[in-house]
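Q: Show me how the following folds:
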Amino acid sequence: MRVLCNYTPSGPHFVRTGWKRVFEAAGHTFAFWQPDQTPAFDAFSAVEPDLYIGTTYELDRATAKCIAARPHMKVAMFASAWGPYVEDIDREKYPLVLVSEQEKRAVEQLRKTAGKPDLVFVHAHGRWLDGTMSGWSELGIPYAGVLNAADTFAYLGGRYDPGLACDGRQRPA
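A: Residues are numbered from 1 along each chain as shown. Just a heads-up that it's a prediction; the model follows:
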């Protein structure tokens with residue numbers, strides 16, 4: 001499988017670098033794309049991805065055309081918060097990235113023309129997911145929470161440590 005993933009600076013980059021290590025360890029090809037440096041058509045043509053991991057808030061017409069031209073490709077997008085918990089939030093106290101009308105329109109158009117994205121996600125625990133992401137269901141898009149996790153390849157040589165589990169199960173004593 002070939003994966004094309006939007007490059008994101010700062011904290012999210014470390015999360016996505018962990019994803020890269022996992023995909024590559026499983027025998028897949030993983031490439032980062034920096035939209036400000038490489039045109040969408042060039043990036044998608046160079047990789048011909050089976051999976052594209054992008055963002056809803058950076059979706060532009062060129063990227064949408066590249067996605068639509070590859071109906072076999074799965075598309076997962078990190079999305080802005082859109083749900084009842086965030087409608088009246090104190091933005092000074094909680095500086096969340098909330099969905100914009102332009103973002104909604106761009107994703108709705110992509111959904112109508114290409115049936116994509118297949119999934120939107122945010123770094124949130126399941127108990128907060130409906131309250132922060134259920135707006136995406138208005139466009140017929142499934143949503144999920146993908147929690148940040150330790151990059152065991154960077155810190156443990158790829159070995160699993162059950163003491164680092166963060167999926168809500170009890171840790172071993």
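Q: residues contacting the most centrally placed residue in the chain?
A: For the chain, the residue sitting closest to the mean C-alpha position, by C-alpha atoms, centre = their mean, is Phe78 at 3.0 Å. Under the criterion of C-beta atoms under 8 Å, 6 or more residues apart in numbering, the contact list for Phe78 reads 12, 53-56, 120-122. In short, each C-beta sits where N, CA and C put it, glycine included.
Q: hmm, 10 Å instead?
A: When contacts are counted by C-beta atoms under 10 Å, 6 or more residues apart in numbering, Phe78 touches 6, 8, 12, 15-16, 53-58, 97, 120-123, 146.
Q: Show the model's pLDDT score for it.
A: In this model, Phe78 is scored at 94, pLDDT.
Q: Distance check, it against Tyr160.
A: Phe78 sits 25 Å away from Tyr160 when distances are taken as C-beta to C-beta, to the nearest Å.
Q: same deal with Tyr85?
A: According to C-beta to C-beta, Tyr85 and Tyr160 sit 33 Å apart.
Q: With neighbour numbers in mind, choose between the two.
A: Each of Tyr85 and Tyr160 has its neighbours counted (other C-beta atoms under 10 Å); Tyr85 has more, 15 against 9.
Q: which one is the more buried one nearest to, not counting chain neighbours?
A: Excluding the flanking residues, the one nearest Tyr85 by C-beta to C-beta, 6 or more residues apart in numbering is Gly131, at 3.3 Å.
Q: same question, Ala64
A: Going by C-beta to C-beta, 6+ apart, Ala64 has Leu110 as its nearest residue, at 5.0 Å.
Q: Angles on the backbone of the one you found, please.
A: Comment: the main-chain dihedrals of Leu110 come out as phi -60, psi -40, following degrees, to the nearest 10.
Q: Pull out the buried positions in stretch 26-41.
A: 30, 32-33, 35, 40 (16 or more other C-beta atoms under 10 Å).
Q: Could you do stretch 132-144 as well?
A: By neighbour count with 16+ other C-beta under 10 Å, stretch 132-144 contains the buried residues 132-133, 135-136, 141, 143.
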